[in-house]
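> Just to be clear, the model below is a prediction. Sequence and coordinates:
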Amino acid sequence: MANVSSILTEIQKLSLYQQKEILSQLEELLILGSQVNEITKDVKEIRFSKGKVCSHCSCENISRNGKYNNKQRYICKNCGRTFTDFTNSATYKSKKPLDKWLKYAKCMLNGYSIRKCAEIVEINIATSFFWRHKILNCISDFLGVGSVDGVVEADEVFFAYSYKGTKPINMPRPSRKRGKQVKKRGISKEQVCVGTALDRQGNLIIELLCTGRMTSEELKRLYTNRIGEDSILCTDSHKSYMQFAEDMKLQHKRIKSGKHKEDIYHIQHINSLHSNLKRWMSRFNGVSTKYLNNYMKWHKWLNTFSSEKESIRVKNFIVHSNISHNYTKIKEFKNIRPIFI
């Protein structure tokens, strides 16, 4: 059997590229392997922080029920069903080990396509698609809508309404050619309006509002009880924000067209967020509108946890996708509809 010194001697003979490949593989092997136990522990502690309850009926009258595949099982004395710490989570019922999911999470955080994720993790492309949206459904649930306070910048961003992945026979309109823009000029029902609000602490609200131009009523539906009472709202000169601020009794700073800021009041941060969001979304070559909300929450998660080390982010991405009780069956994906607030 080779000893450490002989292995190091062989490694030194390799090219710099090959040495980096070995280092990458070792890091992945050691870090991902150690994180599996940490994830199980973190999910268990956070998911049941208020005490162990049944994942099916939320009853507290439960007891241990042996182990299966090294996973502790429990049985509910109310509904009689069994469950584990991961029941009704993103990884629930998966036949793949948790380290595969960790590897997949790393690919997602690197912004890889579904096909590239499948190649790296060595899974089917269809499996890669379902894994992505199972994770994002749970991440969306974990983040919720959120709230903002203090000096709040609010604006909207638009994406073309997309039926990507829909069979031609089920299309409500003729398909657009690849790379073609929407037919109608300006803002129309062919575009999806995404409402965004950002405060100076970095808290973010980002939700699908409507198709076409928004109204003050839609703004109220999104922001009621989610913007602090004494907040100062900074927006562009859109009339809907004027009516909304008046109805909600918020101090309103309108940044007129062509003017960038008024003292500390501006919308530069939210405009920067939109630029980054558009640039980040472009790598996916179009996203079906029924999945757009998931991608908005994915981007929100990346912004929220941007300061963490990569290994910690990968681990937390999987932990956060297993905390909420939000399991999506594969047959349910075909019935998914766009989620407007």
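Cool, got the structure.

> With residue 275 as the reference, measure out to the nearest residue to residue 294 once chain neighbours are set aside.
Nearest non-adjacent residue to residue 294, counting by Cβ to Cβ, 6 or more residues apart in numbering: residue 136, 3.8 Å away. (C-beta placed from N, C-alpha, C; glycine too.) Counting by Cβ to Cβ, to the nearest Å, the gap from residue 136 to residue 275 is 22 Å.

> the more surrounded of the two?
residue 136 (22 against 11; other Cβ atoms under 10 Å).

> wait, doesn't the more buried one sit right on residue 299?
No: between residue 136 and residue 299 there is no contact under Cβ atoms under 8 Å: 10.6 Å.

> returning to what we had before: where does the residue nearest to residue 294 sit: helix, strand or coil?
With DSSP: H, G, I helix; E, B strand; the rest coil as the basis, residue 136 sits in helix.

> got it, and residue 286?
Secondary structure assignment for residue 286 (three-state DSSP): coil.

> Contacts only, for the nearest residue to residue 159 once chain neighbours are set aside.
Excluding the flanking residues, the one nearest residue 159 by Cβ to Cβ, 6+ apart is residue 192, at 5.0 Å. Neighbouring residues of residue 192 by Cβ atoms under 8 Å, 6 or more residues apart in numbering: 158-161, 208, 210-211, 289, 292, 338.

> Could you verify that residue 192 is part of a helix?
No: secondary structure of residue 192 (three-state DSSP): strand, not part of a helix.

> in the stretch 201-341 of the chain, which ranges drop under the pLDDT threshold?
Counting by pLDDT under 70, the low-confidence segments of the stretch 201-341 of the chain come to 258-260.

> so which strand or helix has the residue nearest in space to the middle of the chain?
Centroid-nearest residue in the chain: residue 298, 2.3 Å away (criterion: Cα atoms, centre = their mean). Assessed by DSSP states H and E, residue 298 sits inside helix 289-304.

> How about residue 26?
Short version, using DSSP H and E: residue 26 is in helix 16-47.

> Repeat that for residue 63.
strand 62-68.

> follow-up on the earlier one: just the pLDDT for the residue nearest to residue 294.
Among the per-residue scores, residue 136 holds a pLDDT of 96.

> Do a quick rundown of the helices in the stretch 51-200 of the chain.
Residue ranges of the helices in the stretch 51-200 of the chain, as given by DSSP state H, counting those that start in this stretch, are 98-109, 114-121, 125-143.
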